[in-house]
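Engineer: Show me the folded form of this:
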Amino acid sequence: MTDSVLEEAASPGAHTPAAPAVQRPARRPRVGGPQQKPAAAPRAPRAVHPVLEQLAGLYPHLFGAVFLPLKRGIFQDLLDAHPGIFERGALKVALGIHTRSTRYLQAVAAGQKRHDLQGQAVEDMAPEHVHHALIEVFRRRKPREGEDAAARLRARILQAFDASGLSREEYAERTRTRDEAANAATDDALAEAATRDARDEALLHAFEAVGGEVAAFADMYGMDPRAVAQVLARARHRRSPAA
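Structural biologist: Predicted coordinates for the structure are as follows:
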C-alpha cells in the first residue's frame, strides 16, 4: 500500500481541498430606512474527523496543539500499535486530512524532521517535500497589506535551497512540477542564488588577494565584519569537495 503520509507531504497541491466560502459581513441598516433582514448566524466550525480526535488523545505530541511531520510508514505503525482499533479506510482518510492541513504543511515547510509515534525525530524531510509544502502554504496564505508576496516566497525558497545541500541543478530537477507558476518562482530564487554565489566568490577572491584579518578587510570596504565573515565562510564551503 502507498504510504499516504509520504504522498500527501510530497505533493500537497494535488490534494488541495476546496477553499471555504467567504462569508460577507452583513450591512448595517440605514437609520430610518426599511427594515433589514437579520444577519445570518455564523457557520458552525467544521467537525473534526473522529479518528483524528482519537489520534490527538493517543499522541498529543504529534496530533495535538503542535503538529510534527510524520515518518514514512506511520500508517502501518498505527495499525500495528493498535490492532482492531482503527479501520484501515477511516485511518487513511484521517491521515490524509491531517497531512493536507495548513498547520501540518507549515511544519513540513519549516524543514523539520519526520517523527515516529514516540515523538522522536527519525529521518530528514526530503528537499522536494519541504519545497512543495512551502509552495502550498504560500498559495493558501493571504498576503499582508503592502507585502511583496513573490519576493517573500523567493526568499523562503532560497532558504530551503541552502538547507537542502543540493546544487542548483539538482534542486531544480527534484522540485519541478506541472505547476508553471511554482516552477517560475523556483527558477527566480535559484537565479538569485547564482547571483549571490558569484558575489560571494568575488569577495573571497578579493580577500585572498589582500590577505590579513577579516576585520581589517571589512573596514577597508566599509562593510560589517560579521557579514563579511559569513560570506567568506559560505564561499569557502561551496569550494570544498564535499559541497
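
Engineer: Thought Leu95 was touching Tyr104, still the case?
Structural biologist: No. Taking contacts as CB atoms under 8 Å, Tyr104 lies outside contact range of Leu95: 10.0 Å. C-beta coordinates here come from the backbone N, C-alpha and C atoms, glycine included.

Engineer: For Gln106, give me the pLDDT.
Structural biologist: pLDDT recorded at Gln106 is 97.

Engineer: how deep is Met223 tucked in, by neighbour count?
Structural biologist: 14 (other CB atoms under 10 Å).

Engineer: Am I right that it sits in a strand?
Structural biologist: No. Assessed with DSSP: H, G, I helix; E, B strand; the rest coil, Met223 is coil; it does not lie in a strand.

Engineer: who's in contact with the closest residue to Asp124 other than its chain neighbours?
Structural biologist: Distances taken as CB to CB, 6 or more residues apart in numbering put Lys113 closest to Asp124, at 5.8 Å, once the chain neighbours are dropped. By CB atoms under 8 Å, 6 or more residues apart in numbering, the contact set of Lys113 is Pro69, Ala121, Val122, Glu123, Asp124, Met125.

Engineer: Over to Arg176?
Structural biologist: Asn183, Thr186.

Engineer: Give me the buried stretch members for the lengthiest helix in the chain, please.
Structural biologist: Taking DSSP state H as the criterion, the chain has its longest helix at helix 180-210. Residues of helix 180-210 classed as buried: Ala182, Ala185, Thr186, Asp188, Ala189, Leu190, Glu192, Ala193, Asp200, Leu203, Leu204, Phe207 (neighbour count, 16 or more other CB atoms under 10 Å).

Engineer: Could you tell me the phi and psi values at Arg114?
Structural biologist: phi -80, psi 150 (degrees, to the nearest 10).
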